[in-house]
Structures are given as C-alpha cells and as structure tokens.
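[1] Provided below are the primary sequence and the corresponding predicted coordinates.
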Amino acid sequence: MHIPDGYLGPQTYGTLYAAMTPIWIIAARKVKATLKSRQVPLLALGAALAFVIQMFNVPVVGGSTGHAVGATVIAIVLGPWAAIIATSLTLTIQALLFGDGGITLIGANSFNMAFLVPFVGYYTYRLIAGDQPSERRRVIAAGIAGYLSINAGAVSAGIMLGIQPLIAHGADGRPLYAPYSLSVAVPIMAVEHLLFFGFVEALATALIVGYLARMDRSLVEMRPAAKPLRWLWTAIGVLVLLTPLGALAPGTAWGEWSAAELKKMLGFVPAGLARLEGSWGALMSGYSTPGIGSPLIGYLVAAAVGTAIVIAIAWLLGRALSKKDERNAREG
C-alpha cells in the first residue's frame, strides 16, 4: 500500500496532505494530553514495530507481494491517536531514507495506513473485545480488527489509484498517473487483501496482542507497563535479525511498479509518472545499503539503521509530547 511518487496527481496528493494536516495536529494534541511519560518507550517501540513488520514482504499468486502494517497493534496499546503519530513517522522515514512510498504521497499513504487502519482497527477491537475480555476473546478481537483495518486501507488506496485516469489524462486520452481504472484497481486491491494479506495482518495482530497480554496485561489495557520492557526490546531485535526473510519474496506489490515495469506492461509510461519518478534520491533506496554487495546483508543493515532512527525520533517526539505530563507529575 506504499503508493510511489507519480501514481497520484497533485489534485489527489495535495488534497490528502490538506486532509492529513489537521489530523496530525489533533493527534499531537490528543497524545500530549494523554501520553504518560512511562509510555514514551512504548510509542518508540510501536513505531519500530510498524517499521520492522512492513519489511516482511509476503508473495501471493500472480507475482505480487504485500505485508502487514502493524498500526492496529499500536492503536490497541496506546490508542488510535498515538498510532497516527507513530505510523506517520514510520511512513515518512520509509519515504525519505528508503524510497518506500512517495515523498509527494506521505499524506496519502498516511491517510490509508496511519489514519484509516488504526481507527478501524481500534474501534473494531473495542467493539468485539468489550471492557473485560478473556484472553481468547482479546486475541480473536485483535485478529478481526487487523483483518478489517488493512482491508479498509487497501480499498482506500485502490480508490485513490483508480480515479486517476478519470481526473488526469492527456489530450490523447492516456492517463498521466496511475493507469488502471476504478473497475480494475479497487477489485484487485480488495481481493488481494480480503483473500490473503488481510489474513496476514490478522495473524500478526492476534499473535502480537496475545503475546503482549501474556507478558504484561497492562500493555493491552492502555496503561503504562507494569514490568520492565527489556523483553519487548529483545523481541524487536529478533525481528530485525529476521528481516532478510522479507527480502526473499519475488515480485512487486500491485500498483508500485517502476516506470520500466509499466512500459513492459502497457507499452508506454504515463507522462506525469515519468516526471515524478525518481524526483527524490533516497540514500538507501529499496532498503539497500551502499557499499554492501550482498542484498540480504544490505537489507538487514537497512532494517537496523531504519529501526534505530525510528526509535530515536519517536522517543524524542514522545518526550516532547509528554513533557506536560512529566511537569505535572513533579509538581504533584
């Protein structure tokens, strides 16, 4: 669902930046009012989880790939507003440093994955789990929440891609940006996620929430951790070490093709896409590491670097947003 530069025209990506700006402002205010200083590490770990889990690409029949998002887990632990902050940060770093998702499309990708996914996931989870869920009910609720949330984001992405031929085309009728119509983009995005990636997200969400509940139940009750989080830091470290498995998946995610791939598929490259593709030169494009010849080792190094950066920025952001809470605690 990381839509690349060139797939959405300025009418769409400009509108979505405008839509996300007040959402980011409200999210920052909500987090500042509710985030406790002892939850700052959780914000950092949540952002790191979203970053790492998205590096585990999974292939499907037809040559496409996809991945879980992880934003529903963050929403269950810290609430949907904190999930917006953490996931938006992750998406921004992915775009800037790794070229995963477009610079022009941070607003659009954040709308799909950092807004729709956590909100749909959180309220689905709360509805099914209730106030005092058993461990089994909690895990089932988390799985259903993960399934529905990623499908909501996928359909939204399909709509964004599918309207492009309608609103942006040249004098010859050729689309300037994403080339496939609503009748193609929405069904493909929906079917892929309803039949496959939705279950990947459901399984990941259920397993992670179940694991958190067993290790420290306070984490899934939106309270500061009752125990030290060393075990959770270790879990993130293990996931980072396993990320090269995600580089083994062949193929390209649907709607994320390069201009060269599109030319082979269509016989032409949409003019707007050709103009915007590569406009930002990401330092570690494609999660590669300059100077390292092995793609798998380079992928691992990229995972470690990206995780460290995400944690550092999320921690600093969390400290800034929780400052008021800390001051009140000292004064009390």
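    Received it, and whenever you're ready, just let me know what you need. Here the structure is a predicted model, which is why all the values come from computation and not from measurement.
[2] number of nearby residues for residue 148?
    The tally of other residues near residue 148 (other CB atoms under 10 Å) stands at 20. From N, CA and C alone the C-beta is placed, and that goes for glycine too.
[3] wait, it sits on residue 120?
    Yes: using CB atoms under 8 Å, residue 148 is in contact with residue 120, at 5.8 Å.
[4] ranges for the helices of the stretch 201-332 of the chain?
    230-242, 259-266, 271-276, 295-321, 323-331 (DSSP state H, counting those that start in this stretch).
[5] In PDB, could you pull the C-alpha coordinates for stretch 233-241?
    Presented in PDB, the C-alpha positions along stretch 233-241 are these (Å, rounded to 0.1, in the frame of the first residue of the first chain):
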ATOM      1  CA  TRP A 233      13.200  -4.600  23.100                       C
ATOM      2  CA  THR A 234      14.600  -8.100  22.700                       C
ATOM      3  CA  ALA A 235      11.600  -9.100  20.500                       C
ATOM      4  CA  ILE A 236      12.200  -6.100  18.200                       C
ATOM      5  CA  GLY A 237      15.800  -7.000  18.000                       C
ATOM      6  CA  VAL A 238      14.900 -10.600  16.900                       C
ATOM      7  CA  LEU A 239      12.500  -9.300  14.300                       C
ATOM      8  CA  VAL A 240      15.200  -7.000  12.900                       C
ATOM      9  CA  LEU A 241      17.600 -10.000  12.600                       C
END
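[6] State the mean pLDDT of it.
    For stretch 233-241, mean pLDDT is 96.
[7] And stretch 198-212, by the same measure?
    On average, stretch 198-212 scores 96.
[8] The strand or helix carrying residue 93 packs against which elements?
    Using DSSP states H and E, residue 93 falls within helix 80-98. Packed against helix 80-98, as judged by 3 or more CB pairs under 8 Å, 6 or more residues apart in numbering; DSSP states H and E, are the following elements: helix 10-34, helix 40-53, helix 71-78, helix 106-110, helix 117-129, helix 295-321.
[9] from the chain's centre, how far out does that helix sit?
    7 Å (CA atoms, centre = their mean, to the nearest Å).
[10] same deal with stretch 105-112?
    Averaging C-alpha positions (CA atoms, centre = their mean) puts stretch 105-112 9 Å from its chain's average.
[11] Would you mind putting the CA coordinates of the helix holding residue 93 into PDB?
    Extracted in PDB, the C-alpha atoms of helix 80-98 (Å, rounded to 0.1, in the frame of the first residue of the first chain):
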ATOM      1  CA  PRO A  80      -5.600   5.400  17.700                       C
ATOM      2  CA  TRP A  81      -4.200   9.000  18.000                       C
ATOM      3  CA  ALA A  82      -0.800   7.700  19.200                       C
ATOM      4  CA  ALA A  83      -0.900   5.200  16.300                       C
ATOM      5  CA  ILE A  84      -1.300   8.000  13.900                       C
ATOM      6  CA  ILE A  85       1.800   9.700  15.200                       C
ATOM      7  CA  ALA A  86       3.900   6.500  15.300                       C
ATOM      8  CA  THR A  87       2.800   5.100  11.900                       C
ATOM      9  CA  SER A  88       3.100   8.500  10.100                       C
ATOM     10  CA  LEU A  89       6.600   8.800  11.400                       C
ATOM     11  CA  THR A  90       7.400   5.400  10.100                       C
ATOM     12  CA  LEU A  91       6.000   6.100   6.700                       C
ATOM     13  CA  THR A  92       7.900   9.400   6.500                       C
ATOM     14  CA  ILE A  93      11.200   7.800   7.300                       C
ATOM     15  CA  GLN A  94      10.500   4.900   4.800                       C
ATOM     16  CA  ALA A  95       9.900   7.500   2.100                       C
ATOM     17  CA  LEU A  96      12.800   9.800   2.900                       C
ATOM     18  CA  LEU A  97      15.500   7.300   3.600                       C
ATOM     19  CA  PHE A  98      14.400   4.100   1.700                       C
END
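[12] that older thread, and among the helices and strands packed on helix 80-98, the most buried is which?
    Greatest average neighbour count among the helices and strands packed on helix 80-98 goes to helix 71-78 (a mean of 30), per mean count of other CB atoms under 10 Å.
[13] ok and it relative to helix 117-129, angle-wise?
    Counting by axes from the mean of the first three to the mean of the last three CA atoms, to 10 degrees, helix 71-78 lies at 60 degrees to helix 117-129.
[14] what about helix 71-78, distance to the chain center?
    Using CA atoms, centre = their mean, the offset of helix 71-78 from its chain centre is 12 Å.
[15] tell me what it is packed against?
    Contacts defined by 3+ CB pairs under 8 Å, 6+ apart place helix 71-78 against helix 40-53, helix 80-98, helix 117-129, helix 135-162, helix 198-215.
[16] what's next to stretch 58-68, contact-wise?
    Identification of contacts with stretch 58-68 by CB atoms under 8 Å, 6 or more residues apart in numbering yields 1, 53-57, 146, 150, 192-193, 196-197, 200-201, 204-205, 246, 249-254.
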